[in-house]
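Student: Fold the following for me, if possible:
(chains A, B, C and D, ligands or ions: 2)
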Amino acid sequence: MRAFQDTATHAASELHVLARRSELGVARKYAEDVAAAFGLDSDGRYEFVYAVNEAVTNAIRHGASDEEDMIHMSIAADAERLTFCVRDRGTFVMPEVDADESSPGGRGLALMASLVDEVDLHIDPGGTTVRLTKLRAASPSVLETAQAQAG
Amino acid sequence: MRAFQDTATHAASELHVLARRSELGVARKYAEDVAAAFGLDSDGRYEFVYAVNEAVTNAIRHGASDEEDMIHMSIAADAERLTFCVRDRGTFVMPEVDADESSPGGRGLALMASLVDEVDLHIDPGGTTVRLTKLRAASPSVLETAQAQAG
Amino acid sequence: MRTFYIGDDVQLEHMGPDVAILVVGGEVDFEVSPQLKARLMRAIKAGNRRLILDLTDVTFIDSTAIGVLAGTVEKLDELGGGSLSVVSNHEKVVQIFEITGLDNMVTIHASRDEALAAATVTR
Amino acid sequence: MRTFYIGDDVQLEHMGPDVAILVVGGEVDFEVSPQLKARLMRAIKAGNRRLILDLTDVTFIDSTAIGVLAGTVEKLDELGGGSLSVVSNHEKVVQIFEITGLDNMVTIHASRDEALAAATVTR
Ligand SMILES: Nc1ncnc2c1ncn2[C@@H]1O[C@H](COP(=O)(O)OP(=O)(O)O)[C@@H](O)[C@H]1O
Ligand SMILES: Nc1ncnc2c1ncn2[C@@H]1O[C@H](COP(=O)(O)OP(=O)(O)O)[C@@H](O)[C@H]1O
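Tutor: Ligands and ions are numbered 1, 2, ... in the order given. So this is what the prediction gives:
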């Protein structure tokens, strides 16, 4: 279900998957390929893939109403920016008040924000769209800063 | 500190306040005036003001580093859409793991999404920007749906 | 601009030693929700377990205050039980309770009398 | 595509009755975090209070799994005490623990031996 309009630069490509946990590995592989083609270094690729995985997880976990729903991924890239777009057709929901279940959440968005240069979350009646952007000449990410401090 | 470029339609106006809780009432009054000038009905105004208050609260509570920081509000409107923009210059943060403090949060974004037609959250190294949009011919909001079901 | 007030706690001796009524009015935003939290925690520390929060004059309650109410219910649970009832017949306030799911954690009464009657029955 | 595995729990009798080692490997995402949670809860139900989660072979751990670990620490607290230690020397995994603040809730050890030594001292 991939459609690379331009395989050399991945300037525009799409991937549509069913809203199933088993597709998360597929989404990560897609993000990894795209990031490599764009030329991100190993740290940058890890961060990009991590952020994408969080956005796709949210779409599957919170956005989709069942496993037959589709999650839409697409890429936009130019010389400076690589943007990964994750879209679902669901309603943005309240966080669960997991009384004694107690797996406190709410870390996904902040993780995305730490790991890529720009996060854009758009909610409208048609669904939720997250855009994650890595700049080629990026300011040092949280991971790199942590590394520099440790080293 | 208000600058109405067009007082008739509020097509473009701005308000800049210090990041203090005491400014929340000021922000709500501003949003109420803008919504009334745009012509939202009483339900629509309440919802708009509520969503704005949540966004400004987040900017003060999570975005600003101290009470001398500024929160920037601006309006854009055309015939169909009224958009309220709230901007801070802070870093998007992890939710607090309030061990025994236990005031579980995380409801702000979902409330905004329930009360206006579009929410856009943009995070970049310069800060966090939230845009809240009410359409003139809006689909029924959650509040209106609840009312219809109750009545 | 103060857009809210916090009234004195009301202790109703005839209702038993663990019932307290707290009164707040106006717009309960992030300027006032920390005070609301302190007040609720103080009532619990003083031994009250059946709390009635009278929001009759509240026209606006933000998500930080909703969080305080949810946290209060959790606190009472931790301490082995108790209840928080809320008094409001403000359409919008009640709808915010519904959107956030708080109506599953607290009982909402239309009047203080109704809340007191329910507290008596529970006794 | 299974990108992870969950090993058998290891019970170390000589360490005392309440120490258990759980082993997970690969990419711990939302496909596996519910299983991780079930495994941790089962270990706690069986009476274990000093849990060592060996993530030596984990290269990726998502926010849902971080939530499971945070929830496990809270659960142990509720039950009156205990500890969760994590074994990892994967640079990225450790950095994710730091970004999320999980490193304030669990002790991170570079090797299983180090974790076991710490558990012995704690004893
Ligand atoms: N795609 C989505 N569709 C619907 N709701 C969402 C979506 N993404 C996030 N949310 C809501 O926002 C909350 C916060 O998301 P996040 O920061 O990723 O944390 P987490 O998913 O771990 O709770 C979620 O708990 C959920 O209520
Ligand atoms: N303007 C902001 N600046 C920094 N972090 C923010 C901002 N807005 C939201 N956040 C982060 O996102 C989380 C979720 O926000 P929200 O849904 O409004 O819930 P709440 O503020 O009640 O926790 C916050 O707890 C905070 O960690």
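
Student: Could you use CA atoms for every contact and neighbour count after this?
Tutor: OK.

Student: So A:D88 sits against A:P125, correct?
Tutor: No. Between A:D88 and A:P125 there is no contact under C-alpha atoms under 8 Å: 11.0 Å.

Student: More neighbours: which of the two?
Tutor: Neighbours per residue, other C-alpha atoms under 10 Å in any protein chain shown: of A:D88 and A:P125, the larger number sits with A:D88, 26 against 16.

Student: Quick check: which element contains A:A113?
Tutor: helix A:108-115 (DSSP states H and E).

Student: meant to ask about A:F84, not that
Tutor: Going by DSSP H and E, A:F84 is part of strand A:81-88.

Student: what's in contact with the lengthiest helix in chain A?
Tutor: Longest helix in chain A, counting residues (DSSP state H): helix A:42-58. Contact with helix A:42-58 is made by A:21, A:24, A:27-28, A:31-32, A:35-36, A:71, A:84, A:86, A:108-109, A:111-112, A:115-116, A:130, A:132, A:134, A:144, D:30, D:62-63, as judged by C-alpha atoms under 8 Å, 6 or more residues apart in numbering or on different chains.

Student: Could you list which of those also contact chain B?
Tutor: A:L111 (C-alpha under 8 Å from any C-alpha of the partner chain).

Student: Weed out the non-buried ones from the contacts of helix A:42-58.
Tutor: A:21, A:24, A:27-28, A:31-32, A:35, A:71, A:84, A:86, A:108-109, A:111-112, A:115-116, A:130, A:132, A:134, D:30, D:62-63 (16 or more other C-alpha atoms under 10 Å in any protein chain shown).

Student: and the closest residue in space to C:D62 that isn't next to it in sequence, what is it in contact with?
Tutor: Once flanking residues are discounted, C:D62 sits nearest to C:D29: 5.2 Å by C-alpha to C-alpha, 6 or more residues apart in numbering or on different chains. For C:D29, the contacting residues are B:24, C:60-65, by C-alpha under 8 Å, 6+ apart.

Student: do the helix holding A:A113 and chain D meet?
Tutor: Yes. Against chain D, helix A:108-115 shows contacts by C-alpha under 8 Å from any C-alpha at A:108, A:111, A:114.

Student: hmm, that helix touching ligand 1?
Tutor: Yes. Helix A:108-115 is in contact with ligand 1 by C-alpha under 6 Å from any ligand atom, via A:108-109.

Student: just to revisit the earlier point, now the strand holding A:F84 - C-alpha only, PDB.
Tutor: Extracted in PDB, the C-alpha atoms of strand A:81-88 (Å, rounded to 0.1, in the frame of the first residue of the first chain):
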ATOM      1  CA  ARG A  81      12.600  19.900   6.200                       C
ATOM      2  CA  LEU A  82      11.300  16.400   6.500                       C
ATOM      3  CA  THR A  83       7.700  16.200   7.700                       C
ATOM      4  CA  PHE A  84       5.800  13.100   8.600                       C
ATOM      5  CA  CYS A  85       2.100  13.400   8.800                       C
ATOM      6  CA  VAL A  86      -0.200  10.900  10.700                       C
ATOM      7  CA  ARG A  87      -3.900  11.200  10.300                       C
ATOM      8  CA  ASP A  88      -6.900   9.400  11.800                       C
END
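
Student: Direction included, what does it pair against?
Tutor: Looking at strand A:81-88 with DSSP bridges, its partner strands are strand A:70-77 (antiparallel), strand A:127-135 (antiparallel).

Student: Let me see the contact set for C:V68.
Tutor: B:103-104, C:33, C:36-37.

Student: now the helix or strand encompassing it: mean pLDDT?
Tutor: Here C:V68, judged by DSSP H and E, is contained in helix C:63-78. Average pLDDT, helix C:63-78: 95.

Student: and it, which residues are buried?
Tutor: The neighbour-count check on helix C:63-78 (16+ other C-alpha under 10 Å) flags C:63-76 as buried.

Student: for stretch C:24-34, same thing?
Tutor: Buried residues in stretch C:24-34 (16+ other C-alpha under 10 Å): C:24-33.

Student: Tell me the one of the residues you listed nearest chain B?
Tutor: C:E31 (5.1 Å; C-alpha to the nearest C-alpha).

Student: ok, now how distant is the closest one from B:V17?
Tutor: C:E31 sits 15 Å away from B:V17, taking C-alpha to C-alpha, to the nearest Å as the criterion.

Student: And for C:D57?
Tutor: 28 Å.

Student: for C:G47, same thing?
Tutor: C:G47 is 41 Å from B:V17, by C-alpha to C-alpha.

Student: So if I had to pick from the two, which one is more boxed in?
Tutor: More crowded of C:G47 and B:V17, by other C-alpha under 10 Å: B:V17, with 19 against 12.

Student: Return the distance of the closest residue to A:P104 other than its chain neighbours relative to B:R28.
Tutor: Excluding the flanking residues, the one nearest A:P104 by C-alpha to C-alpha, 6+ apart is D:G67, at 5.3 Å. Separation of D:G67 from B:R28 (C-alpha to C-alpha) stands at 35 Å.

Student: did I read that right, C:E98 in a helix?
Tutor: Yes. Under DSSP: H, G, I helix; E, B strand; the rest coil, C:E98 falls within a helix.

Student: so what's residue 40 up against?
Tutor: In the absence of a named chain, chain A is used. Per C-alpha under 8 Å, 6+ apart, neighbours of A:L40: A:R136.

Student: my bad, chain C
Tutor: C:22, C:72.

Student: do the helix or strand harbouring it and ligand 2 meet at all?
Tutor: According to DSSP H and E, C:L40 maps onto helix C:33-45. No. Applying C-alpha under 6 Å from any ligand atom, one finds helix C:33-45 separated from ligand 2 by no less than 12.1 Å.

Student: worst-scoring helix or strand of chain C, pLDDT-wise?
Tutor: The helix or strand of chain C with the poorest confidence is strand C:10-11; it has a mean of 72 (mean pLDDT, DSSP states H and E).

Student: where are the low-confidence patches of chain A?
Tutor: A:1-11, A:98-103, A:138-151 (pLDDT under 70).

Student: What parts of it come near ligand 1?
Tutor: A:58-59, A:62-63, A:90-95, A:105-109, A:128.

Student: hmm, 5 Å instead?
Tutor: Proximity of chain A to ligand 1 (C-alpha under 5 Å from any ligand atom) is limited to residues A:58-59, A:62-63, A:92-95, A:105-109.

Student: Likewise for chain C?
Tutor: Going by C-alpha under 5 Å from any ligand atom, none of the residues of chain C are near ligand 1.
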